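**Student:** My questions are about this predicted structure, shown below with the sequence.
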Amino acid sequence: MASGVGLDMRQLPDEPMSGSLPACDEWPGTYPVTANPELLTIGEMARESGATARALRFYEGKGLLSPQRQGAARLYGRAERARLALVLKAKRLGFTLVEIRRMLEDGAASADGCGLSMSRRQCLEQIRLLEDRRREIETALVELRRTYSSFYVGIASASA
């Protein structure tokens with residue numbers, strides 16, 4: 001027995017097996033999941049949005065997205081693409097997922113049924129929060145630049 005896996009290599013035929021595997025571009029996994037061009041697979045949605053497939057599954061798990069299913073495949077239509085755009089916008093604005101879900105739910109109940117529902121107070125609070133973060137980042141940058149500059153002082157004094 002060869003290599004201890006229970007397969008005797010001497011029993012395999014020398015000639016090619018009858019029939020052949022299809023070329024890679026003919027394999028079933030490369031065919032479109034749906035004939036509807038308005039529906040995107042998770043990979044297509046990820047490429048279009050710039051989010052990762054993992055993030056899309058995470059958002060689905062948190063109830064922020066609910067794609068259609070065709071077997072195990074997730075399919076995203078226009079409504080889900082628009083909803084993801086709102087999720088990503090709210091993330092860029094610094095909102096938590098809990099806040100985003102609430103805004104999406106409130107937005108769906110609003111008159112126009114789309115967009116992020118946000119109060120004036122909530123908007124001002126977020127502006128203050130982001131300004132605080134900016135100050136913290138600016139302070140950290142000053143400290144890092146000071147540390148970086150000290151490397152040159154150390155090099156100059158070592159070479160003198």
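**Tutor:** Yep, that arrived. Numbering: from 1, shown residues only.
**Student:** which stretches of this protein form strands?
**Tutor:** Applying DSSP state E to the chain gives strands spanning 40-41, 68-70, 73-76.
**Student:** got a markdown table for those strands, with mean neighbour count and distance to residue 105 too?
**Tutor:** All C-beta atoms are positioned from the backbone trio N, CA, C, and that covers glycine. Rendered in a markdown table, the data for those read as follows (neighbours: other CB atoms under 10 Å; distance: least, CB to CB, whole Å):
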| stretch | mean neighbour count | distance to residue 105 |
| --- | --- | --- |
| strand 40-41 | 20 | 24 |
| strand 68-70 | 12 | 20 |
| strand 73-76 | 20 | 19 |
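**Student:** I'd like those as TSV, with distance to residue 148 appended.
**Tutor:** Formatted as TSV, the entries for these read as follows, by distance: least, CB to CB, whole Å:
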stretch	distance to residue 148
strand 40-41	44
strand 68-70	51
strand 73-76	44
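**Student:** what's the burial count for residue 56?
**Tutor:** Residues contacting residue 56 under the criterion other CB atoms under 10 Å number 23.
**Student:** wait, I meant residue 84
**Tutor:** Residue crowding around residue 84 was assessed by other CB under 10 Å; the count is 22.
**Student:** Just give the closest residue to it, not the sequence neighbours.
**Tutor:** With CB to CB, 6 or more residues apart in numbering as the measure, residue 49 is the residue that lies nearest to residue 84, at 5.5 Å, once sequence neighbours are left out.
**Student:** Please list all residues in contact with the one you found.
**Tutor:** Residue 49 sits next to 56, 81, 84, 85, 88 when contact means CB atoms under 8 Å, 6 or more residues apart in numbering.
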